[in-house]
Every structure is written in C-alpha cells, then in structure tokens.
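Visitor: got a structure for you, letters missing:
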C-alpha cells in the first residue's frame, strides 16, 4: 500500500530547481556581434571569427566553422550566446565551456574565456560574470577542450543574455592559424530553472 504525496507547493514556490545546461548549435549568435564581444572581452577580432547560438534543450550542431587568426597574434575567435529566459538572480558558480576542435592547428592555442551578462539586444554589458586568462590550451590536436570559469552572481532580468567570448592565439610567425570548431557540446552553468507546476510523487 503506497501513500502518494504531491509536493506541488514546493514547485510553485520555485524551491525545486535544476541546473541549466545549454547545447551549442549550428545557428550563429542572433544578437551578439563583434562589437559586443569586444565590449565583453576587451580583445580584437580574428580575421575569420565565428559564433554559436547555445540553447537549453537545443540540437547539437553538425557543421564545422572554419576560423582563422593572422600570424603571431591573439584574437577573439569564437563566441556563444545563450538566453536563460528566467527573471531571477543568477547564482555564483562554475561555467564549463567545451569546444570541439575538429580541425587542428599545430601553432594554435585557446588562451582566454570571458563571460558577460548582456541586455536583450546584446548592445550593453550589464555585468561581468567572470573570466580566465593565459590558459594556453593547445589546439594542435582534435578533440574537446574545456575551460571552467568561476562566475559571480548576477541580478538578472527576464531577457538578459549570457555571452561567452573565446580568445585564441597563433603562436607562430610563419603563417596564419586555421582551426575548425564544430559547435556540438554542452555548456554547463550554475543558472537554475524553477520546476514550476511539477508534481513530485512519493509512493
């Protein structure tokens, strides 16, 4: 004989939450462009940059973005745009950004990752979430590379965006760095979504 208890009150109160992960997808960022990534990172743009729209529950991308940096320079090469879609405080915690290098470059490395809270049109930096620098993560081999950024809490609005900016470097002087990124990984965040209208049943 079982007793079924529906804990609807907790769900309505927003006490039952789940950490939010975003999937990198093929479509490029829809709001954030090179002007905004400069404002977030303070860097300059690569000769051929790229971007991905990261979507909660989205379909992982399948198309490689071919990217290039001029010889012996460091530039913003790639960025991810995500829309949490909840008006709430964004808690502090780790943002785990993964990049699938599907075409390698012997002289290339992923150095910096900057994360900002942007307004709905990505035209204004509303808060600096966190950054790491001088990681020197080689992209001389294919495979998934990871940076983990410790993020500060944010008092966010319902339409605020998360912008994740990646800076790469060509360490050689004899030619351009060319690398391929296929946006198909998960970006884990400390952001939470309230489990509204969800019944938790104990039997």
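Guide: Looks like it came in fine. Note that the coordinates shown come from a computational prediction; the quantities given were computed from them, not determined experimentally. Residues are numbered from 1 along each chain as shown.

Visitor: Which parts of this structure are helices?
Guide: Ranges of helices within the chain are 8-12, 34-41, based on DSSP state H.

Visitor: rank these by pLDDT, which is bottom?
Guide: When mean pLDDT is averaged over each of these, helix 8-12 scores lowest at a mean of 36.

Visitor: Might you list the low-confidence residue ranges for this protein?
Guide: Under the criterion of pLDDT under 70, the regions of the chain flagged as low confidence span 1-18, 87, 193-203.

Visitor: Can you get me a residue count around the closest residue to residue 66 other than its chain neighbours?
Guide: Across the structure, with Cβ to Cβ, 6 or more residues apart in numbering as the measure, the residue nearest residue 66 apart from its sequence neighbours is residue 180 (5.4 Å). The C-beta positions use only the backbone N, C-alpha and C, and glycine is treated the same way. The number of residues packed around residue 180, counting by other Cβ atoms under 10 Å, is 17.

Visitor: can you tell me how far residue 180 sits from residue 166?
Guide: Separation of residue 180 from residue 166 (Cβ to Cβ, to the nearest Å): 14 Å.

Visitor: for residue 101, same thing?
Guide: From residue 101 to residue 166 the distance is 11 Å (Cβ to Cβ).

Visitor: next one: residue 122
Guide: In this structure, residue 122 and residue 166 are separated by 16 Å, where distance is defined by Cβ to Cβ.

Visitor: Looking at the two now, which is surrounded by more residues?
Guide: residue 166 (26 against 23).

Visitor: Show the contacting residues for the more buried one.
Guide: Residues counted as contacts of residue 166 (Cβ atoms under 8 Å, 6 or more residues apart in numbering) are 76-80, 97, 99, 110, 112-113, 147.

Visitor: hang on, isn't residue 83 packed against residue 161?
Guide: Yes - contact between residue 83 and residue 161 holds when scored by Cβ atoms under 8 Å: they sit 5.5 Å apart.

Visitor: between the two, which one's more packed in?
Guide: With neighbours defined as other Cβ under 10 Å, residue 83 and residue 161 compare such that residue 161 has more, 23 against 19.
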